[in-house]
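S.K.: Quick one, what's the 3D model for this:
(one chain, ligands or ions: 1)
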Amino acid sequence: MISRKIADRINEQINREMASAYLYLGMSAKMAEKGYHGAAKWLLSQYHEEMFHAMKFYGYLLDQGASVELKTLPAPEVKTSDFKELFQKVLEHEKGVTKSIVELLAMAKAENDYATEIFVQWYVGEQVEEEKNASEILQNLDLLGGSSQALFLLNIELGKRVPEVATSFLEVEGAH
Ligand code: FEO
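M.R.: Okay, here's the model as predicted:
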């Protein structure tokens, strides 16, 4: 069993992960509207990653006998469809998520909640990957330059991404 404080904070994290999914869904739609279908697919994969992150926490709460309390999601604000600006936003967003995960880990440590501490460590590693993915896209943009040919090629490359996580949550631990 976990404390009420930790359960509340995990419920908050579920909301943040779902808000991330919603943000990437909004970004994906924006890029698809512009005809950047590769980038749109990459962002849709990212949407699935975020849903998986949320559902992993969801399953953990249920496994621990705690309540899942779903909250309102903010409408995502996607103001740009410029390749570089958009992926800068992705990186910025992921840095914020990393802070939030580290904060949760620190809380679990302070509470001597070893189970949650071990569970959240998975997310710490995941955030290294998330930030790396966005940084590499920005690096490639710089290497290729901002020409329309470069964007065309990068768009094709991004379209090769497939989600590396489950996209169906019927088997989420605890959710049965
Ligand atoms: Fe769930 Fe992109 O962090």
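S.K.: Which element, helix or strand, includes residue 106?
M.R.: Under the criterion of DSSP states H and E, residue 106 resides in helix 83-110.
S.K.: Neighbours of residue 54, how many?
M.R.: Each residue near residue 54 was counted by other CB atoms under 10 Å, and the total is 22. (C-beta placed from N, C-alpha, C; glycine too.)
S.K.: backbone phi and psi for it, please?
M.R.: In this entry, residue 54 is assigned phi and psi values of phi -60, psi -50 (degrees, to the nearest 10).
S.K.: Find the centremost residue of the chain, please.
M.R.: Nearest residue to the geometric centre of the chain (CA atoms, centre = their mean): residue 50, 3.7 Å.
S.K.: That residue contacts residue 16, correct?
M.R.: No. Residue 50 is not in contact with residue 16 according to CB atoms under 8 Å; the separation is 9.2 Å.
S.K.: The helix or strand following the helix holding residue 106 packs against which elements?
M.R.: Per DSSP H and E, helix 83-110 leads on to helix 114-144 as the next helix or strand towards the C-terminus. With contacts defined as 3 or more CB pairs under 8 Å, 6 or more residues apart in numbering; DSSP states H and E, the secondary structure elements packing on helix 114-144 are helix 37-63, helix 83-110, helix 148-158.
S.K.: Recalculate using a threshold of 7 Å.
M.R.: Packing contacts for helix 114-144, counted by 3 or more CB pairs under 7 Å, 6 or more residues apart in numbering; DSSP states H and E, involve helix 83-110, helix 148-158.
S.K.: ok, and for that helix, which residues are buried?
M.R.: Within helix 114-144, the residues scored as buried using 16 or more other CB atoms under 10 Å are 116-117, 119-120, 123, 126-127, 130-131, 133-134, 137, 141.
S.K.: Of these, which is the nearest to the ligand?
M.R.: Set against the ligand, the nearest of these by CB to the nearest ligand atom is residue 130 (4.3 Å).
S.K.: Quick check: residues of the chain near the ligand?
M.R.: For the chain, the residues in contact with the ligand under the definition CB under 6 Å from any ligand atom are 17, 20, 50, 53, 94, 97, 130.
S.K.: which ones are touching the closest residue to the fourth one other than its chain neighbours?
M.R.: Right, residue 53. Counting by CB to CB, 6 or more residues apart in numbering, residue 17 is the residue found nearest to residue 53 once chain neighbours are left out, at 4.3 Å. Contacts of residue 17 were listed using CB atoms under 7 Å, 6 or more residues apart in numbering, and they are 50, 53-54, 57.
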